[in-house]
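Q: Return atomic coordinates for the entry below.
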Amino acid sequence: IVLGLFFANLLICIVTFGNGIVIGIVFCYAICKALNLEKTPEGVIIMSTSVLGGALCNHMIYNPLAMGIALPVAQMVIPDLAITPFDLLIAFWPLIPFCVITIMVYKKMYKLPKKHVLNGGKEYFQTEAEKLGKITVKEKKAIVLLAFVMIYMFSQPFHGLGIEYAFMLAPLIAFFPGVNLGTTKTLQSLPFEMLFFVAACAGIGTVGMSIGLDGLVSAVFVPIVAEFSNIGFLFGVIILCVAANFLMTPIAMYAALPAALITAATVAGIAVEPTSILYTVFLGGDFLFLPYQYANYLIMFSFGVMTMKDFVVTQTVKVFLLILFILVCIYPYWSLIGIL
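A: Residues are numbered from 1 along each chain as shown. I've put the predicted structure just below:
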């Protein structure tokens, strides 16, 4: 069931372009509530799975709240830097086996038996599947609209238009006569406060570069890593991201750090690909230990299925496993395919 939930959350992540994590979290909470798994090892693992599939694995799909913010700022330093959805998929697909390994580690941590059945689990899924009924006309239209965005994104290397246009056109088409997926109520329910928040976070990178953030990072970072190899430099980026997560939101970190670190690598004379720096910062958004460090993880914790101790323990284990996996598996893989 847990592995099934992981891949379900991963699918939700893909079709919502990394922004459907709350749907996955609520889905996992519903399972815990229906099967009375609050404050149990099974519940802890299920809720942890929601952020593994929805938050960590969203790096492998184009997310306008991550790449859409970080790439334009990085292009202030390297104007011809380009990253396509294919690039992200090729670079980050190893996160899928990593997440499966992490789930197995959680199972060992909480000492669940090798064969473990959640009572009522199968019946619950069968009952809820029957309640869904047949796909409605509106749902079919939504599937077509999502398919349009996906095809547009993955054909970007051929048509050469900006990926961001897909995310502008799709909501517009939803309001067209005959489509009618959007209504006045849709506009009224828009979270405008989130739009202003994202805009503010996006502005951090531009403002930071304008007032000399790249020079500050270089002055502090370069003397420390000047004699390092490219892997040593990227490990320094990992440590910086761990520290930055205590002070900044991931979106703010995506906006502020990539351009400054690319500049620092250039100043230090380290032959590291800018893309690998950008990708490492993306992964750095998940180097966290406490709920407040990432809104999606805070939402997951707020449902009360796990204690603070459970959260800290599971996330600490994940962070150390992830850093080890990056150094041992992902960086050699990136070097093999030319990213590093």
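
Q: roughly how far apart are residue 296 and residue 24?
A: To residue 24, residue 296 is 9 Å away according to Cβ to Cβ, to the nearest Å. In this view, the C-beta of every residue, glycine as well, is placed from N, C-alpha and C.

Q: Give me the more crowded residue out of these two.
A: Legend: neighbour count by other Cβ atoms under 10 Å for residue 296 and residue 24, higher for residue 24 (27 against 21).

Q: Find residues that contact each of residue 296 and residue 24.
A: residue 54 (Cβ atoms under 8 Å, 6 or more residues apart in numbering).

Q: what's the burial count for the closest residue to residue 271 other than its chain neighbours?
A: The shortest distance from residue 271 to any non-neighbouring residue, by Cβ to Cβ, 6 or more residues apart in numbering, is to residue 230 (6.1 Å). Residue 230 has 17 neighbouring residues, counting by other Cβ under 10 Å.

Q: In terms of pLDDT, where does residue 230 sit?
A: pLDDT, residue 230: 81.

Q: Over to residue 294?
A: 81.

Q: heads up, I number from 46, so please use that
A: Sure, I'll start numbering at 46, so the last one becomes residue 339.

Q: ok, now how distant is it from residue 210?
A: 28 Å.

Q: Which residue ranges of this structure form strands?
A: Using DSSP state E, the chain contains no strands.

Q: Please pull out the lowest mean pLDDT helix or strand from it.
A: For the chain, the helix or strand with the lowest mean confidence is helix 258-270, at a mean of 63 (criterion: mean pLDDT, DSSP states H and E).

Q: Hmm, residue 315 and the residue nearest to residue 316 touching each other?
A: Yes - counting by Cβ atoms under 8 Å, residue 275 does reach residue 315; the two are 5.8 Å apart.

Q: so where is this protein shaky, pLDDT-wise?
A: 159-167, 169, 236, 239, 242-273 (pLDDT under 70).

Q: before we move on, the earlier item: of residue 339 and residue 210, who's got more company?
A: Higher neighbour count among residue 339 and residue 210: residue 339, with 21 against 12, using other Cβ under 10 Å.

Q: give me every residue that touches the more buried one.
A: 100, 290, 294, 295, 330, 331, 333.

Q: How many residues are close by residue 193?
A: For residue 193, using other Cβ under 10 Å, the count is 14.

Q: close enough to count as contact, it and residue 212?
A: No - using Cβ under 8 Å, residue 193 is not in contact with residue 212; the gap is 11.4 Å.

Q: Make sure residue 190 is actually in contact with residue 214.
A: No - between residue 190 and residue 214 there is no contact under Cβ under 8 Å: 9.5 Å.

Q: and these two? which has more neighbours close in?
A: Remark: of residue 190 and residue 214, residue 190 carries more neighbours, 17 against 14, as counted by other Cβ under 10 Å.

Q: how close does that one get to residue 124?
A: 32 Å.

Q: How about the contacts made by the spatially closest residue to residue 315 that is not a sequence neighbour?
A: Excluding the flanking residues, the one nearest residue 315 by Cβ to Cβ, 6+ apart is residue 278, at 4.9 Å. Residues in contact with residue 278, defined by Cβ under 8 Å, 6+ apart, are 270, 310, 313, 315, 317.

Q: any idea how far residue 234 lies from residue 228?
A: Residue 234 sits 10 Å away from residue 228, going by Cβ to Cβ.

Q: And those two? Which one has more around it.
A: residue 228 (11 against 8).

Q: isn't residue 95 right up against residue 70?
A: Yes - counting by Cβ under 8 Å, residue 95 does reach residue 70; the two are 4.6 Å apart.

Q: more neighbours, the two?
A: residue 95 (31 against 25).

Q: Find the nearest non-adjacent residue to that one, please.
A: residue 73 (4.0 Å).

Q: hang on, isn't that neighbour packed against residue 47?
A: No - counting by Cβ under 8 Å, residue 73 stays clear of residue 47, with 9.4 Å between them.

Q: Between those two, which contacts overlap?
A: Both residue 73 and residue 47 are in contact with 91, 94, where contact means Cβ under 8 Å, 6+ apart.

Q: Those two: which has the busier surroundings?
A: For residue 73 versus residue 47, the count of surrounding residues by other Cβ under 10 Å is larger for residue 73: 29 against 21.

Q: What distance do you get for that one to residue 81?
A: 14 Å.
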